[in-house]
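Novice: Generate coordinates for the sequence data below:
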Amino acid sequence: MIHDDPEFVLTLHSVIEFIGTFAFALSGIRLAASKHYDWLGGFVCGVAVAIGGGTIRDVMLGVRPFWMLSPIYLICTLFAQLVVIACHRYLKRLDNTWFLFDTLGLALFNIAGIQKSLECGFSFWVAIIMGCITGAAGGVIRDVLLNEEPVIFRKEIYAMACVAGGLTYWGLSYLGVSLYVTVVAAFSVVCAIRLLAVRYHISLPKLRDEEYSGMQNEQQDGE
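Specialist: Presented below is the predicted three-dimensional model:
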């Protein structure tokens with residue numbers, strides 16, 4: 001059995017979801033602050049990135065969205081906003097703060113999505129997809145609200161890190177490794193891939209359309 005102790009799994013899932021909510025909310029509010037949004041705008045961005053992916057996941061799984069079961073997630077987002085307001089001078093000195101918290105949120109929510117899908121009785125391939133949606137969809141919503149190109153569509157490896165984390169989770173579970181070790185390993189894989197990809201400019205191959213590129217060059221030459 002993958003989940004020998006349901007109570008432990010539930011507790012671990014709640015802790016992961018809570019920490020992931022705080023990490024994602026902090027990244028969204030921090031980015032909103034860099035664009036000089038007001039307090040309400042920052043809170044909306046924090047909520048969107050914190051619950052967006054999980055809400056889409058739960059709707060697709062046919063269950064009530066997780067944040068409707070307890071106000072703790074909205075309280076957690078409010079706490080993240082207070083941290084940004086109180087420590088904005090310190091956070092401003094850390095250029096990569098939002099990126100680090102975004103990475104942590106991505107890894108934590110990816111694991112939360114996998115676990116919840118398995119608890120609902122879905123197979124592992126569905127769980128891996130739900131993990132990607134849980135981790136990445138909130139960032140897409142945040143970027144749209146902030147008028148940014150969604151990070152998932154940029155050259156940076158984002159969703160593929162979730163896939164790698166999901167495959168790690170599946171592989172270790174198949175081998176009968178303890179849930180605690182499995183979660184730590186999957187979390188580490190997502191974070192490591194994301195950080196190394198940005199550090200060493202690793203990206204997936206780009207789609208190319210030679211005909212369209214030629215038309216653009218002709219237009220530029222004409223101008």
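
Novice: contacts, neighbours, all on C-alpha from now
Specialist: Fine.

Novice: This protein: helices as residue ranges?
Specialist: All helices of the chain, identified by DSSP state H, fall at 6-34, 39-61, 72-86, 88-92, 97-119, 124-145, 159-174, 179-199, 210-222.

Novice: If we ignore the residues flanking it in sequence, what's nearest Cys76?
Specialist: Once flanking residues are discounted, Cys76 sits nearest to Phe22: 5.8 Å by CA to CA, 6 or more residues apart in numbering.

Novice: which ones are touching the one you found?
Specialist: The neighbours of Phe22, taking CA atoms under 8 Å, 6 or more residues apart in numbering as the test, are 50, 76-77, 79-80, 105.

Novice: Per-residue pLDDT of it, please?
Specialist: Looking at Phe22, its pLDDT is 88.

Novice: Just name the shakiest helix or strand of the chain by mean pLDDT.
Specialist: Taking mean pLDDT, DSSP states H and E as the measure, the chain has helix 210-222 as its least confident helix or strand, at a mean of 56.

Novice: Could you tell me the least trusted of the helices of the chain?
Specialist: Of all these, helix 210-222 carries the lowest average pLDDT, namely a mean of 56.

Novice: residues near Ser188, how many?
Specialist: Counted with other CA atoms under 10 Å, residues neighbouring Ser188 total 17.

Novice: so who does it touch?
Specialist: Ala107.

Novice: Pull out the C-alpha coordinates of stretch 135-143 and format them as CSV.
Specialist: Once non-C-alpha atoms are left out, stretch 135-143 reads as follows in CSV (Å, rounded to 0.1, in the frame of the first residue of the first chain):
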residue,chain,number,x,y,z
GLY,A,135,1.5,23.8,-9.1
ALA,A,136,1.5,25.8,-12.4
ALA,A,137,-2.1,27.1,-12.9
GLY,A,138,-1.9,29.6,-10.0
GLY,A,139,1.2,31.2,-11.5
VAL,A,140,-0.5,31.5,-14.9
ILE,A,141,-3.4,33.4,-13.2
ARG,A,142,-1.0,35.6,-11.3
ASP,A,143,0.9,36.5,-14.5
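
Novice: Distance from the chain centre to that stretch, please.
Specialist: Relative to its chain's centre, stretch 135-143 lies at 7 Å (CA atoms, centre = their mean, to the nearest Å).

Novice: if I look at Leu146, how far off is Tyr180?
Specialist: Distance, Leu146 to Tyr180, using CA to CA, to the nearest Å: 36 Å.

Novice: Can you lay out the helices of the chain as CSV showing distance to Phe153?
Specialist: Shown next, in CSV, are the helices of the chain (distance: least, CA to CA, whole Å):
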stretch, distance to Phe153
helix 6-34, 18
helix 39-61, 16
helix 72-86, 26
helix 88-92, 26
helix 97-119, 15
helix 124-145, 9
helix 159-174, 9
helix 179-199, 14
helix 210-222, 19
